[in-house]
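Visitor: Here is the input, now give the coordinates:
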Amino acid sequence: MATFLCTPTRVTLGKDAETRLGEELRKDGAKKVLIHYGSERIVADGLMKELTDQLDREGINYILLGGVKPNPRVSLVRKGIETGRSENIDYIVAVGGGSVIDSAKAIGYGLFDKSGGDVWDFYEGTRKPEGSYPLGVILTLSATGSEMSDSSVITNEDGGLKRGCNSDYCRPRFALLNPELTYSVPPYHTSCGTADMMMHTLERFFHSGSSMELTDKLSIALLKTIAENGVKALQNPKDYEARKNLMWASSLSHNGLMQMGNAQRGDWACHQMEHELSGMFDVAHGAGLTAIWGTWARYVFLENPERFAKLGEGVFGLKQTGNPERDAENAIKAFENYFRTIHMPISIKELGIRATEKQLDELADKAVFYGKRTLGAFKVLKKEDIKAIYTNASR
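Guide: The predicted structure is shown next:
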């Protein structure tokens, strides 16, 4: 199967990258911009004024829409669409991390859509986007890789549903990456971000088809780099090189590069299961992923234990014993030990969640869209498999 890479995003990485905002918008002919953000910290620390001053100098009008929360809500997306239409905006700038960018992408889909339908249709899969308003990003949290990806994930408060929509239409036109803007990210969110970008690479590493040697080596090098620099950033939040490595790793982990040449796009079962977990319990995405991954890995590793063993050797330097199953188990333990090192949970129980049997059944039902799909590629999972993983991870 041929693979395709789309990377239209103009990336600026380094100190003062955000000072290029006016120039980038002028390059694209923006006239009126919706600046979308989450934390008021962006206003309090002066970043917002610096950005709006640039727009004032360029003669570009703007309006502000804050309030994005982790697991971004469709209600705010709808408000952004309504505001964007009434204010005649022609460009969106997301200032923040993955939640802000994903919310901005959803607003972009909704503004482009002239059908009169609801933006949630795109996330339920009943309609596909036909375009999007242009989007630029100023990244303040290294995690999701949404600054270069084709992905957007939104939560519907009605039913606690968390769904994704993938389309090249939503890939940002530009991304301004200044590692210094991540210095004030709290330790917990640094750890969640580290876990999330690792998972984006791991999801693509595990599939049932053939793999490209170069992509495997790139994936292993990326995972090792993330692991090392995640620890460094926790030890010294103002370690510029660590933050820079994490920021670029975030982008590379999710822009499609780590699946090139492989027979499949990856597994993605852990992500889909985590979406239901955070949809129901509103947990941080990175923490939800580490809470599931080890249990998933033990459930599926016999499909190809050599694949896990290869990771253990490449990322953590584990010596091969000649017994692939034992080597795979050692690799899984090494990843879990690392997650503990950065203070991430390795079970649903460690998230502080005590899910009931009814909730576990509901999670599995939602994960398979009530019988309309299976999950995974490394090992195809049906509802009973998914419920078993949720149950084992809850013990």
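Visitor: for the stretch 201-350 of the chain, what spans make up the helices?
Guide: 213-235, 240-254, 269-281, 285-300, 305-316, 324-341 (DSSP state H, counting those that start in this stretch).
Visitor: what would those look like in JSON lines with mean neighbour count and distance to residue 54?
Guide: Where you see a C-beta, it was placed from the backbone N, CA and C, and this is true even at glycine. Formatted as JSON lines, the helices of the stretch 201-350 of the chain follow (neighbours: other C-beta atoms under 10 Å; distance: least, C-beta to C-beta, whole Å):
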{"stretch": "helix 213-235", "mean neighbour count": "18", "distance to residue 54": "28"}
{"stretch": "helix 240-254", "mean neighbour count": "23", "distance to residue 54": "21"}
{"stretch": "helix 269-281", "mean neighbour count": "23", "distance to residue 54": "35"}
{"stretch": "helix 285-300", "mean neighbour count": "25", "distance to residue 54": "31"}
{"stretch": "helix 305-316", "mean neighbour count": "21", "distance to residue 54": "41"}
{"stretch": "helix 324-341", "mean neighbour count": "19", "distance to residue 54": "40"}
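Visitor: distance between stretch 30-37 and the chain's centre?
Guide: 23 Å (C-alpha atoms, centre = their mean, to the nearest Å).
Visitor: could you dump it to PDB, C-alpha only?
Guide: Listed next in PDB are the C-alpha coordinates belonging to stretch 30-37 (Å, rounded to 0.1, in the frame of the first residue of the first chain):
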ATOM      1  CA  ALA A  30      -5.600  38.000   6.400                       C
ATOM      2  CA  LYS A  31      -8.000  40.900   7.000                       C
ATOM      3  CA  LYS A  32      -9.800  40.000  10.300                       C
ATOM      4  CA  VAL A  33      -8.600  37.300  12.700                       C
ATOM      5  CA  LEU A  34     -10.300  35.300  15.400                       C
ATOM      6  CA  ILE A  35      -7.600  34.700  18.100                       C
ATOM      7  CA  HIS A  36      -8.600  31.600  20.000                       C
ATOM      8  CA  TYR A  37      -7.000  30.600  23.300                       C
END
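Visitor: got the buried residues for it?
Guide: 30, 33, 34, 35, 36, 37 (16 or more other C-beta atoms under 10 Å).
Visitor: out of those residues, which are inside helices?
Guide: Judged by DSSP state H, the buried residues of stretch 30-37 include no members of helices.
Visitor: for the helices of the stretch 201-350 of the chain, which one sits closest to residue 167?
Guide: helix 240-254 (14.4 Å; C-beta to C-beta).
Visitor: could you give the mean pLDDT of the closest one?
Guide: Mean per-residue pLDDT for helix 240-254: 98.
Visitor: okay, the angle between that helix and helix 213-235?
Guide: Angle, helix 240-254 to helix 213-235, by axes from the mean of the first three to the mean of the last three C-alpha atoms, to 10 degrees: 140 degrees.
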